[in-house]
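Novice: Fold the stuff below for me.
(2 chains)
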Amino acid sequence: MEKQEFTITVYTENQVGLLHRITTIFTKRKINLESLTTSESEIEGIHRFTIAVTETEEQVIKVVKQIEKQVEVLKADYYKKKEVVQQELALYKIATETLTNGIEIERIVREHNARFLTIEREFVVIEKSGYKRETKALFDELEPYGIKEFVRSGRIAVARQQFGPGKDIEALLQTNSPSI
Amino acid sequence: MASIDLQPTENKSPSHQTTITGAEAVVQALIQEGVDIAFGYPGGAIMPVYDALYDYQDRLHHVLARHEQGAIHAAQGFARASGKVGVCLATSGPGATNLITGIADAQIDSTPLVCITGQVPSHLLGSDAFQETDVIGISMPVTKWNYQVTKAEEIPLAIAKAFYIARSGRPGPVLIDITKDAQFQQLDFHYEKCTSIRSYREEPAIEIDQIEAAANAINDAKRPYVLFGQGIILAEAEQEFKAFVEQGNLPAAWTILGLSAMETSHPLNVGMLGMHGNYGPNLLTNECDVLIAVGMRFDDRVTGNLEKYAKQAKVIHLEIDPAEINKNVFAHIPIMGNAKKTLPLLTQRLQKKDRSEWLARFAECDRLEHEKVIQEELHPTKDILTMGEVIHILNEKTGGDAIIVTDVGQHQMVACRYAEFVQSKSNITSGGLGTMGFGLPAALGAALGAPDRTVVCVVGDGGLQMTIQELATVYQTQAKVKVLLLNNEFLGMVRQWQQLFFDKRYSSTEMINPDFQLLAKGFRMPTNQVTHRDQLDHALTEFIETDGAYFLEVMVGKENNVFPMVPSGSGVAEIRLD
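Specialist: Prediction:
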């Protein structure tokens, strides 16, 4: 079975240490996490993990089941590339003087649908969201001008359908449960 | 402490709110959960709990092990023999890290445990304080759940959740780490048992159409074959399981943890699976047309090479843990749920069938194995004593009614192959993790968990020396542990592999041993040693008939091997008889 890109979403209680419990399931099988983002979900008090991996579907299914059986995990799902709408956010820092030497940077930023996040006396920060190939393309164009600092966020993604996994756990959330 | 009263006593803690310390709350919560025995070892960060225990000695007996690893294996043995949750206490730092092997063992063998560890005061967390260790982080991959308590008010709920999680669904170990300041703080104590957690499902819903599909497959099968594991014992579904195999007239073989779920003498009990299992059960795995796995997880020691495992069969898998379905072996018909509920649904749909031809295949294989292996192992013609003949005579003395606790290695395989059982929860061994040193402390726990039963600890000279200090705990508790040391002066299983696969290069496997007779006497045990066959029968009679603990050492052949054997990497059908 061939490896491909998957996005795994995990809906959880807000509990210290859960990140470690989930990541060890991947490390046990020596699966590299390309990115992992934790955030709130659409449901109050419920957190979600969005995990990007490149793996075989068979492995991903096994991992998702092992995640879902953790006590504080409400639901775990996996999606293929075309089953999600996904984005990443990148920040690029370049010297302000490269701006004053002509209009090239402004043109690049405009053409890539990026924007200036801040312009300081010595440096400017450019922001670009999109697929990895898009943020990479901007990186490649800015590189000759000298990138002082670069960072890209993990993948965030939502299911390409009307409802997300949260819909399935609404009933669970109605039940009473002790919380510490 | 000369004797232990395991009768539950009247609940003296009031159910209305009272203000007590966190430490006392721990003890009261344990009592509310029905705990009357806990295993542990005190130290700085858990001292307030031990201080609170002092006032409850009449209702909660604490067994002082000689090492935290001994304490946790004892808690495991207690849980496995009694069916209750085992409880273990330890201090922070080394106390907590010494529990880890037992926790990992309990996780892989689905043993319900609640471990409570002390932790440095909360204001010192993260500062590398004396005896601080991140036990939550360390234990996370090997616990079903764990939680750090830093406020006394969290204690009742944390412990209630711990017991519920440990014992429900697929059981497992839980660890609660409590900072020392939380143990000292006051709280308004009110205890309520936990019965559900919204993010946690005890068992999956039963799908009736899967049951029907499975029943049809079994009814249509020519050569159906059942594999059963500890799931039967954990679900207390022994009767339901027996009714199932009897209704379907189905040959059934066991995993090492499923052993004793069905009596040895049952005509449909065809024997042991796996690397050192019986010949027929392994060979015929690749001849059956429908393979029905009940409460087992297709461990690699059972399946051998998966590429050569039961490829011809339609697989039905009854399992409580959805993550086990398709993990190792693809299930054509998965039946998720608790075996106690799913088995009767399946049984009522089964037709009675004559399977004499298929059952005769097992009998045929059995005859061959007897001829090639078992006859000589149980009735040797050579002077050197075999482990098998010792177990064979032990069966006569116990009538199969003892709890047999084993350590890990050759003696474990021999004991599991040849020990006979008439009732469930009678075989206690470290299966998944293969933890040497498990046997003696687990036997201690089993003896305290099932005080009316005879408990025999079959152990090798290697494993015994890993936790031999627990003989002191046996003495202190006066637990009736009968230690049967099968001494071959080798790490026998590793030596066997060195002989077969490493050109007889016996690298670090020979043991120049201490005088075990003197050692056992030092631990104030009645002892005996057998060096010749003519001493064996009498020695085993005395061993079993002596009331109380006993240490019997039998000198067995140094270079005997365990057969049959499915060599590592081979398919089950490539099982070797010699």
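Novice: what residue lies at the spatial centre of chain A?
Specialist: Nearest to the mean C-alpha position of chain A, counting by C-alpha atoms, centre = their mean, stands A:R155 at 2.2 Å.
Novice: Hmm, that one is touching A:F49, no?
Specialist: No. Counting by C-beta atoms under 8 Å, A:F49 is not a contact partner of A:R155; they are 11.6 Å apart. The C-beta positions use only the backbone N, C-alpha and C, and glycine is treated the same way.
Novice: anything in contact with each of the two?
Specialist: Contact criterion C-beta atoms under 8 Å, 6 or more residues apart in numbering or on different chains; residues shared by A:R155 and A:F49: A:T37.
Novice: Give me the domain ranges for chain B.
Specialist: When chain B is parsed into structural domains using automatic domain parsing, the resulting residue ranges are B:18-189, B:208-362, B:385-555.
Novice: among those, which is the most enclosed?
Specialist: Per-stretch averages of neighbours, counted by mean count of other C-beta atoms under 10 Å in any protein chain shown, single out domain B:18-189 among these, with a mean of 23.
Novice: Distance from that domain to the middle of the chain?
Specialist: Its chain's C-alpha centre lies 20 Å from the corresponding centre of domain B:18-189 when counted by C-alpha atoms, centre = their mean, to the nearest Å.
Novice: now swap in stretch B:386-395 and tell me
Specialist: Counting by C-alpha atoms, centre = their mean, stretch B:386-395 is centred 21 Å from the centre of its parent chain.
Novice: Give me every residue in chain B lying close to chain A.
Specialist: Taking C-beta under 8 Å from any C-beta of the partner chain, the part of chain B that reaches chain A is made up of B:136-137, B:140-141, B:144-148, B:154, B:157-158, B:160-161, B:165, B:194, B:196-200, B:321-323, B:325-327.
Novice: After the longest strand anywhere in chain A, which helix or strand is next?
Specialist: Taking residue count as the measure and DSSP state E as the definition, the longest strand of chain A comes out as strand A:84-95. In the C-terminal direction, the helix or strand that comes right after strand A:84-95 (DSSP states H and E) is helix A:97-100.
Novice: thinking again about what came up before, save the domains of chain B as TSV, and put in mean pLDDT too.
Specialist: TSV is the format used below for the domains of chain B (pLDDT from 0 to 100):
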stretch	mean pLDDT
domain B:18-189	98
domain B:208-362	98
domain B:385-555	98
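Novice: Now distance to A:V53 too, for those, in JSON lines please.
Specialist: Compiled in JSON lines, the domains of chain B are given as follows (distance: least, C-beta to C-beta, whole Å):
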{"stretch": "domain B:18-189", "distance to A:V53": "18"}
{"stretch": "domain B:208-362", "distance to A:V53": "17"}
{"stretch": "domain B:385-555", "distance to A:V53": "27"}
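Novice: give the contact list for the residue of the stretch 251-400 of chain B found nearest chain A.
Specialist: Using C-beta to the nearest C-beta, the point where the stretch 251-400 of chain B gets nearest to chain A is B:A323, with a distance of 4.0 Å. Under the criterion of C-beta under 8 Å, 6+ apart, the contact partners of B:A323 comprise A:62, A:65-66, A:68-69.
Novice: Out of those residues, grab the one that's most surrounded.
Specialist: For the contacts of B:A323, neighbours were counted by other C-beta atoms under 10 Å in any protein chain shown; the highest total belongs to A:Q66, with 22 neighbours.
Novice: thinking it is in contact with A:I22, fair?
Specialist: No. With contacts defined as C-beta under 8 Å, A:Q66 does not count as touching A:I22, sitting 9.4 Å away.
Novice: Go through the contacts of B:A323 and name the one nearest chain B.
Specialist: Out of the contacts of B:A323, the one with the shortest distance to chain B is A:K65. That distance is 4.0 Å, counting by C-beta to the nearest C-beta.
Novice: first to last residue in stretch B:542-561, what's the distance?
Specialist: Across its full length, stretch B:542-561 reaches 28 Å end to end, with C-alpha to C-alpha, to the nearest Å as the criterion.
Novice: mind checking the SS state of the closest residue to B:I136 other than its chain neighbours?
Specialist: The shortest distance from B:I136 to any residue that is not its chain neighbour, by C-beta to C-beta, 6 or more residues apart in numbering or on different chains, is 5.0 Å, and that residue is B:Q148. Put simply, B:Q148 is strand when judged by DSSP: H, G, I helix; E, B strand; the rest coil.
Novice: Can you show me the CA trace of the longest strand of chain A as CSV?
Specialist: As requested, C-alpha coordinates have been extracted for strand A:84-95 and formatted as CSV (Å, rounded to 0.1, in the frame of the first residue of the first chain):
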residue,chain,number,x,y,z
VAL,A,84,-10.4,18.4,3.4
VAL,A,85,-10.1,22.1,2.8
GLN,A,86,-6.7,22.9,4.2
GLN,A,87,-4.4,25.9,4.8
GLU,A,88,-1.1,26.7,6.2
LEU,A,89,0.2,30.1,7.3
ALA,A,90,3.7,31.4,6.6
LEU,A,91,5.6,34.4,7.9
TYR,A,92,8.7,35.8,6.1
LYS,A,93,11.0,38.5,7.6
ILE,A,94,13.1,40.5,5.2
ALA,A,95,15.1,43.7,5.6
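Novice: Neighbouring strands of that strand in the sheet, and parallel or not?
Specialist: Strand A:84-95 pairs in its sheet with strand A:123-130 (antiparallel), strand A:147-152 (antiparallel), strand A:156-159 (antiparallel), by DSSP bridges.
Novice: thinking again about what came up before, can you report how many residues lie near the nearest residue to the residue nearest to the centre of chain A once chain neighbours are set aside?
Specialist: Using C-beta to C-beta, 6+ apart and skipping the chain neighbours, the partner closest in space to A:R155 is A:A52 (4.2 Å). Close neighbours of A:A52, defined as other C-beta under 10 Å, add up to 21.
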